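Asks: below is the sequence, then the predicted model.
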Amino acid sequence: MTYREKFFELKKIDNQYLNQTSIKSLLIDNGGFVDFFDLLKHFDEQIKDENVLNIQIKRLTSGEPLQYILGYAYFVNSNYKVNPDVLIPRQETEQLAVSTMTKIVKLFGRDPKIKIVDIGTGSGILGIYLKEYFPKSTVICTDISSKALEIAKINAKDHHVEIEFKKGNMLEPISNESNISVIVSNPPYIRSKESVAEQTLKYEPHLALFADPAIKYYKEILTSIDKQLLNDNKFLIAFEIGEDMEEELTDLLETNYSGLLYSFDKDMYGKTRFLYIINNKELTDALN
Ligand SMILES: C[S@@+](CC[C@H](N)C(=O)[O-])C[C@H]1O[C@@H](n2cnc3c(N)ncnc32)[C@H](O)[C@@H]1O
């Protein structure tokens, strides 16, 4: 059977997970093609491994996420290895990565030699992206899951970047560090299983999703930051947050950290999904 025949055969099947994007991705992967246009060039060739493709289609139609089937996920401008030990990178996290990068440029310049820490790194996407952007910086990625760190290490190797990986709870693995300029984190923040899509609940690691109460890890990070840990001249803390957390986080910051400056930012749907904190009034522009 040719790729063309398979493409139109699959398009006729009525299944919520079998759509144009997932069909294209599986066919591109099967042929080892670069992109959709490369697939089109080979559209009338025989499928390279139809058995493998059929097994993948079975997994997809039964609800397994495409990224776990392919073994990789696209993030900002590149592919990262993923498996069920790590969360599949989300579009909001791409926004966090890019916006953290632009804030770092505003605060520390284009090629800074600073220390950046990614807490709860999962597949390593945030730390690796920032290290690629700021090669002179030292990047430390932490996670409580050894299995997630294994994937993050492979991703760092595949992206040819040197990163320090440390295992442990939140800030504990970096408690001996000093002069940290940037902390970036997308910690678990989902309150209840009811608010998660069935597919996510079934396939993605619960350790990466849930926090009780939802604010738990933000509080833990903010309350355990010792003065000695951070660059006291200027630092940036960048968080992805749940869409209903602005009020609670504002309370936390106003009550305990009156000296810090902070701003919330929205995602493409207009939902408040990011929190940025800095310590230097002269640098308020960097928050915008
Ligand atoms: C929402 S995922 C984020 C993964 C990745 N940074 C991303 O944005 O796709 C949260 C990550 O925090 C890790 N984690 C959960 N509890 C933790 C803890 N107590 N200390 C450190 N990491 C933790 C999970 O293993 C998971 O990799």
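Replies: Alright, I've got the coordinates.
Asks: doesn't residue 7 belong to a helix?
Replies: Yes. Membership of residue 7 in a helix is supported by DSSP: H, G, I helix; E, B strand; the rest coil.
Asks: ok, residue 52 - how many residues close by?
Replies: By other C-beta atoms under 10 Å, the residues close to residue 52 number 13. All C-beta atoms are positioned from the backbone trio N, CA, C, and that covers glycine.
Asks: so what's it up against?
Replies: Contacts for residue 52 were tallied using C-beta atoms under 8 Å, 6 or more residues apart in numbering; they are residue 30.
Asks: now it: how far from residue 75?
Replies: 25 Å (C-beta to C-beta, to the nearest Å).
Asks: interface residues of the stretch 101-250 of the chain facing the ligand?
Replies: 120-123, 125-126, 143-145, 148, 169-170, 186-188, 207-208 (C-beta under 6 Å from any ligand atom).
Asks: is there a quick ChimeraX command that grabs whichever of these are buried?
Replies: Remark: buried members of these, expressed as a ChimeraX selection using 16 or more other C-beta atoms under 10 Å:
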select :120,121,122,123,125,126,143,144,145,148,170,186,187,188,207,208
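Asks: which outside residues touch stretch 161-172?
Replies: In contact with stretch 161-172 (C-beta under 8 Å, 6+ apart) are residues 119-121, 124, 127-128, 131-132, 135, 138-146, 149, 152-153, 156, 173-174, 187, 217, 220-221, 224-225, 229.
Asks: could you do stretch 59-72 as well?
Replies: So stretch 59-72 is in contact with 13, 15, 17-18, 22, 25-26, 29, 56, 73, 79-84, 88, 198-199, 202-204, going by C-beta under 8 Å, 6+ apart.
Asks: centre of the chain versus that stretch, how much separation?
Replies: 18 Å (C-alpha atoms, centre = their mean, to the nearest Å).
Asks: who are the packing partners of the host helix or strand of residue 276?
Replies: Per DSSP states H and E: residue 276 is located in strand 272-278. Strand 272-278 sits against helix 91-108, strand 236-240, helix 246-256, strand 261-266, with contacts defined as 3 or more C-beta pairs under 8 Å, 6 or more residues apart in numbering; DSSP states H and E.
Asks: wouldn't residue 234 be in contact with residue 281 here?
Replies: No. Using C-beta atoms under 8 Å, residue 234 is not in contact with residue 281; the gap is 10.3 Å.
Asks: rewinding a little: among the contacts of stretch 161-172, name the buried ones.
Replies: 119-121, 124, 127-128, 131-132, 138-145, 149, 152, 156, 173-174, 187, 217, 220-221, 225, 229.
Asks: give the contact list for the residue positioned nearest the centre of the chain.
Replies: With distances taken as C-alpha atoms, centre = their mean, residue 89 lies nearest the centre of the chain, 4.3 Å away. By C-beta under 8 Å, 6+ apart, the contact set of residue 89 is 73, 74, 75, 80, 82, 122, 123, 125.
Asks: look up how far residue 126 lies from residue 94.
Replies: 10 Å.
Asks: typo on my end, it should be residue 79
Replies: With C-beta to C-beta as the criterion, residue 79 and residue 126 are 16 Å apart.
Asks: residue 257 now?
Replies: 23 Å.
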